[in-house]
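A.B. asks: please find the sequence and the predicted model below.
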Amino acid sequence: MNLESIVIYIVALVNCKGKASAANLSRTLEKYSHDFFTDILGKDFEGEMLLRYCIQRIHPLTRGYLILDDTWLPKCFSWILEIVHKVYSGKYKQPMWGISVVMLCWSDGNWRIPLDIRIWRKGGKTKPELALEMLSTVRNKLRWKPRWVCFDCGYAAAKILKRIHSYGWVFVCAKSRRINGVDLKHYKYQAYWTECGEAWYGQKLKFIRDKDRFYTCNRLLWSRKAIQDAYSGRVVIEEVFRLLKQTGGWIGCQGQNAADYERHLYLSLVNFLVLEATRIQENKGRTIYQLRQNIISSPHIFYPPVLQRLS
């Protein structure tokens, strides 16, 4: 895949007003036609490798932590795609046609970098299995050790907890199932308690209750505050999801097949990485929303200086 075409696609995403359809991208960069952008998605390139290459060029990973979560992308009029299924939407409180995307994100408290994604397919691998694939890549291919991994109760499956513990990593998750054979809600009737006990799958963990919230960690020596502070970092991935949908280009793609759509999602992750790097390099205290508003309100095409590192 020609890297120059990738850069053009990213520049179009950065400057695009509205949804990131091929027609809107073409209107943003009038020099390039609608077919030019659809042809890029039709090229045979690995989005995962492209994203990894861009991360190494823009901001190599240092000391930070990982976050696991998934989100739902509405696709009410594209149900013929094999990756579109009826998924329960927390926003609309009912099943809706859409795409479920599992993401692994990295942060150090300042940078927010999406590391990888997997699209869930009905009848295929479960979301925890897709999460295990991405965690395995971080450990065995990138050979990088996070300070901890945090996720909500949806990923507190025994196989994920066991795998992370076997890696020698720390995990902090929301409510798990049972402690010493008793449901967490009924273990103690106090609103606040901290105790080390045996999890439902046999491993000894540290459990915390804070009113209606429960936390679980595999580091028995960590304090209550340290565990809660570590889990509070999970909000970063919610911010990333919101930014990707509203300004990053995840909404509006009109890919004709699952492979095209997945490539667009990866290109949008590169777009987010470029905007994040621009925000931090400017050091003006602006958010990505403010940065994007300034870009699209300008009559000139903004070419992020950070893109020069990709060539």
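C.D. replies: Okay, I see it. All of these numbers come straight from a predicted model, not from anything done at the bench. Residues are numbered from 1 along each chain as shown.

A.B. asks: so Trp144 sits in a strand?
C.D. replies: No. Using DSSP: H, G, I helix; E, B strand; the rest coil, the assignment for Trp144 is coil, not a strand.

A.B. asks: so where's the stretch 101-250 of the chain shaky on pLDDT?
C.D. replies: Within the stretch 101-250 of the chain, not a single segment meets pLDDT under 70.

A.B. asks: how about a cut-off of 80?
C.D. replies: The stretch 101-250 of the chain contains residues with pLDDT under 80 at 175-176.

A.B. asks: could you pick out the longest strand of this protein?
C.D. replies: Counting by DSSP state E, the longest strand found in the chain is strand 94-107.

A.B. asks: mind saving the C-alpha coords of the helix or strand just after that strand as CSV?
C.D. replies: Later in the chain than strand 94-107, the nearest helix or strand by DSSP states H and E is strand 112-119. This file holds the C-alpha atoms of strand 112-119, laid out as CSV (Å, rounded to 0.1, in the frame of the first residue of the first chain):
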residue,chain,number,x,y,z
ARG,A,112,-4.4,8.4,24.8
ILE,A,113,-3.5,5.8,22.1
PRO,A,114,-5.7,3.1,20.7
LEU,A,115,-3.5,0.1,20.3
ASP,A,116,-5.8,-2.4,18.5
ILE,A,117,-9.4,-3.2,17.7
ARG,A,118,-11.4,-6.3,16.9
ILE,A,119,-14.8,-6.5,15.3
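
A.B. asks: who's in contact with strand 112-119?
C.D. replies: Contact with strand 112-119 is made by 48, 51, 55, 59, 61, 66, 83, 99-107, 125, 130-131, 133-134, 137-138, 236, 239-240, 244, 258, 261-262, 265-266, 269, 272-273, 276, as judged by CB atoms under 8 Å, 6 or more residues apart in numbering. Backbone N, C-alpha and C define where each C-beta goes, glycine included.

A.B. asks: which SSE is immediately downstream of that strand?
C.D. replies: Following strand 112-119 in sequence, per DSSP H and E, is helix 127-140.

A.B. asks: next helix or strand past that following helix?
C.D. replies: strand 149-151.

A.B. asks: just the buried ones from the contacts of strand 112-119?
C.D. replies: Among the contacts of strand 112-119, those classed as buried by 16 or more other CB atoms under 10 Å are 48, 51, 55, 59, 61, 66, 83, 99-107, 130-131, 134, 137-138, 236, 240, 244, 261-262, 265-266, 269, 272-273, 276.

A.B. asks: quick one: neighbours of the closest residue to Val11 other than its chain neighbours, just the number.
C.D. replies: Excluding the flanking residues, the one nearest Val11 by CB to CB, 6 or more residues apart in numbering is Tyr303, at 6.0 Å. For Tyr303, the neighbour count with other CB atoms under 10 Å is 13.
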